[in-house]
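**Student:** heads up, no residue letters with this:
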């Protein structure tokens with residue numbers, strides 16, 4: 001009997017499919033009944049081969065081996081997932097399997113996961129596609145009754161493969177080209193570049209450059225307190241004839257001259273004010289339903305959740321708890337035919353106050369085909385994120401918060417507008433105008449769903465009688481200064497990534513960017529995490545700060561004339577073309593031809609750049625030179641050099657780590673900085689170290705604390721001690737930042753690094769060495785070959801050495817008796 005093999009993206013989804021469809025027997029590694037087999041991947045099982053795996057000659061990272069543009073891309077199993085891939089391949093090859101259903105996530109990435117599995121397995125069996133918006137049992141059964149033909153998904157598969165291969169081409173070639181350029185002076189300076197990651201970094205770098213170049217300007221504001229029969233109120237002076245100009249810091253209420261502000265105070269003191277007032281009603285419409293980016297942005301603003309964490313929570317609410325629809329969506333609308341299902345979901349909501357608001361909306365007849373909610377033309381692969389109607393039980397704190405955000409927004413979307421009365425009062429004193437604003441909530445509308453606090457405190461203005469004159473009770477001048485632009489948070493960066501069309505001139509590209517922006521909703525969190533992992537960004541509270549390494553990459557790309565890699569326009573163009581391809585509007589061959597040409601151009605510009613001097617915006621350091629005393633170090637792309645040309649120089653990069661400007665300042669001022677993290681040895685192993693500056697030679701070097709001069713410079717009295725030295729019994733063991741060292745440096749050589757074989761040694765284990773001479777068995781050391789191992793640390797004299805756990809003796813196999821040769825007959 002023939003069977004259909006269903007391949008889900010994750011084991012949890014496979015279990016849900018089996019439960020919803022019913023009557024499946026659970027095998028060791030799959031589910032099966034008389035007509036179907038259900039198995040799953042575990043995310044990506046297959047990846048593109050690296051250059052040296054396709055051609056061993058391409059292994060070395062040098063300009064001579066670039067560009068790398070293969071005629072075709074080979075696939076390989078992802079090592080950690082090989083066993084799962086073998087299982088899926090075995091099921092695909094079963095003789096009774098005559099059809100395959102792609103039940104991976106309904107989107108570009110899910111299509112790629114499935115496509116690559118079938119390609120590597122060499123499977124040519126017919127395919128159909130399951131396309132789910134929700135993981136409830138009803139939605140799953142409905143999805144299986146409306147399976148799509150596999151041929152209908154070919155354009156989406158083409159777009160997925162093109163995205164994968166173009167990322168490989170640009171990422172591999174640009175990364176190797178920039179690494180080769182930065183490593184020309186020696187060493188290996190890894191410089192990752194990516195098609196979405198680098199333009200995103202450029203947005204952050206441009207903001208950081210504006211912040212660093214910002215010069216604050218003092219300005220003055222004049223405030224007046226007025227008295228009328230009903231009470232007092234405050235007004236702020238403003239220039240009624242103000243017009244916008246090229247000065248982005250100019251405001252109607254700002255005065256750049258203190259004397260002008262004081263003149264207004266003197267002019268108006270004790271003088272009466274004539275009141276004119278305007279009251280007008282305004283409304284505020286309910287916000288639209290959530291797509292993923294909007295959800296991530298607001299969860300970051302409200303709860304400080306990273307984009308990655310919000311996606312994880314939303315995915316769990318979809319997959320595990322079944323309470324939300326598919327989260328990786330870029331649409332904020334629902335299909336027109338979903339009205340009946342929406343009413344059913346609203347009627348079944350369980351959160352107490354929200355259930356009451358939902359019932360109220362249904363009773364009032366507000367739930368209809370609202371075009372801000374229902375619009376099939378604006379639904380892409382998936383519709384907006386909404387509740388499924390399933391009960392939100394067993395949610396943790398943050399899961400409940402994110403669920404409540406979505407459910408509350410869903411209910412509020414059907415409520416009428418909130419209504420306000422806005423009062424604008426102008427008090428004119430001696431022809432100088434002072435403005436007072438007020439705002440009163442008159443009808444909460446949708447704000448009722450969020451409670452009174454959502455409206456904020458009403459800004460009321462004491463009422464004035466018609467024609468009443470105000471007494472000027474007091475005036476004051478307040479001095480302020482302009483502020484630099486705010487650094488990006490994940491919330492504001494997500495907005496910039498989503499709406500990067502504002503940085504693009506072409507209208508068609510802007511439309512594409514408004515739909516997809518930089519990357520997709522499903523990949524933006526990954527892009528931000530990638531920038532953090534590569535050391536291009538730091539997360540400080542909610543702020544994202546570009547590091548010196550990040551600024552250096554953008555400076556390099558601009559200096560080499562490769563601005564296309566730093567511009568959102570490139571990603572906008574690609575996303576526009578990929579979207580065309582998804583809907584059958586663009587040929588895959590043409591797209592890849594353009595990408596290969598673009599890649600070759602990047603490499604050629606890097607190769608043909610003459611010399612090492614990369615132009616950019618640099619800031620000199622006003623610090624005395626430790627070698628000659630001259631004040632001022634000149635900054636270039638690679639170094640800070642004494643302005644008197646005495647030979648003193650600080651290289652910005654050392655063992656693969658880029659120094660921050662503040663670290664260079666401290667090194668030149670104190671002649672040492674650290675211990676610092678993030679250095680890498682010639683074998684690629686990470687290490688921490690103190691960096692010192694030799695004022696005689698005028699150069700920097702590592703100080704590992706193991707030389708007599710280094711030890712003599714340490715002031716042990718300022719360092720925390722943990723116990724008596726077990727080697728000399730005279731000194732005390734102190735924490736020097738990078739090591740544990742004996743204070744008796746004249747006689748004792750005891751020194752133990754805080755990190756050994758890439759493992760940080762806990763303090764309590766160091767204390768065991770001091771008292772017992774040996775640690776517990778410690779796991780996760782990393783050998784020179786990159787393999788993990790476990791070992792004890794043991795004291796031998798003044799040295800700490802590894803001691804390995806004794807291996808159990810191998811069982812000897814009983815000797816097999818030799819067979820006597822058969823006698824000849």
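**Tutor:** Alright, I've got the coordinates. In this text the structure is predicted, and so the values were computed from the model without any measurement.
**Student:** Please, where are all the strands along the stretch 551-700 of the chain?
**Tutor:** For the stretch 551-700 of the chain, the strands defined by DSSP state E, counting those that start in this stretch occupy 621-624, 631-635, 639-642, 649-651, 653-654, 657-658, 672-680, 686-694, 699-703.
**Student:** Next, format the ones you listed as JSON lines and append distance to residue 92.
**Tutor:** Where you see a C-beta, it was placed from the backbone N, CA and C, and this is true even at glycine. Putting the strands of the stretch 551-700 of the chain into JSON lines (distance: least, CB to CB, whole Å) gives the following:
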{"stretch": "strand 621-624", "distance to residue 92": "63"}
{"stretch": "strand 631-635", "distance to residue 92": "59"}
{"stretch": "strand 639-642", "distance to residue 92": "57"}
{"stretch": "strand 649-651", "distance to residue 92": "54"}
{"stretch": "strand 653-654", "distance to residue 92": "49"}
{"stretch": "strand 657-658", "distance to residue 92": "47"}
{"stretch": "strand 672-680", "distance to residue 92": "42"}
{"stretch": "strand 686-694", "distance to residue 92": "41"}
{"stretch": "strand 699-703", "distance to residue 92": "54"}
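**Student:** I'd say residue 381 and residue 107 touch.
**Tutor:** Yes. Counting by CB atoms under 8 Å, residue 381 touches residue 107, with 5.7 Å between them.
**Student:** ok, those two, which is more surrounded?
**Tutor:** For the pair residue 381 and residue 107, the greater number of neighbours falls to residue 107 (21 against 18), based on other CB atoms under 10 Å.
**Student:** Now that the more buried one has come up, it's in contact with residue 331, right?
**Tutor:** No. Using CB under 8 Å, residue 107 makes no contact with residue 331, being 11.9 Å away.
**Student:** Name the residues contacting each of those two.
**Tutor:** Counting by CB atoms under 8 Å, 6 or more residues apart in numbering, the common neighbours of residue 107 and residue 331 are residue 382.
**Student:** right, and residue 113 touches residue 42 too?
**Tutor:** No. Applying CB under 8 Å as the test, residue 113 and residue 42 come out as separate, 9.9 Å apart.
**Student:** Those two: which is more packed in?
**Tutor:** A count of neighbours by other CB under 10 Å puts residue 113 above the other of residue 113 and residue 42, at 20 against 16.
**Student:** centre of the chain versus the helix or strand harbouring that one, how much separation?
**Tutor:** Residue 113 belongs to helix 108-121 when assigned by DSSP states H and E. On the basis of CA atoms, centre = their mean, to the nearest Å, helix 108-121 sits 26 Å off its chain's mean C-alpha point.
**Student:** Quick check: buried residues in it?
**Tutor:** Using 16 or more other CB atoms under 10 Å as the test for burial, helix 108-121 gives 108-118, 120-121.
**Student:** Also stretch 532-547?
**Tutor:** In stretch 532-547, counting by 16+ other CB under 10 Å, buried: 532, 534, 535, 536, 537, 544, 545, 546, 547.
**Student:** Switch these over to JSON lines; also include pLDDT, secondary structure and distance to residue 731.
**Tutor:** Output for those, formatted as JSON lines (pLDDT from 0 to 100; DSSP: H, G, I helix; E, B strand; the rest coil; distance: CB to CB, whole Å):
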{"residue": "532", "pLDDT": "91", "secondary structure": "helix", "distance to residue 731": "41"}
{"residue": "534", "pLDDT": "89", "secondary structure": "coil", "distance to residue 731": "42"}
{"residue": "535", "pLDDT": "87", "secondary structure": "coil", "distance to residue 731": "37"}
{"residue": "536", "pLDDT": "91", "secondary structure": "coil", "distance to residue 731": "43"}
{"residue": "537", "pLDDT": "90", "secondary structure": "strand", "distance to residue 731": "42"}
{"residue": "544", "pLDDT": "92", "secondary structure": "strand", "distance to residue 731": "45"}
{"residue": "545", "pLDDT": "90", "secondary structure": "strand", "distance to residue 731": "41"}
{"residue": "546", "pLDDT": "90", "secondary structure": "strand", "distance to residue 731": "44"}
{"residue": "547", "pLDDT": "89", "secondary structure": "coil", "distance to residue 731": "39"}
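**Student:** Alright, I will stop here.
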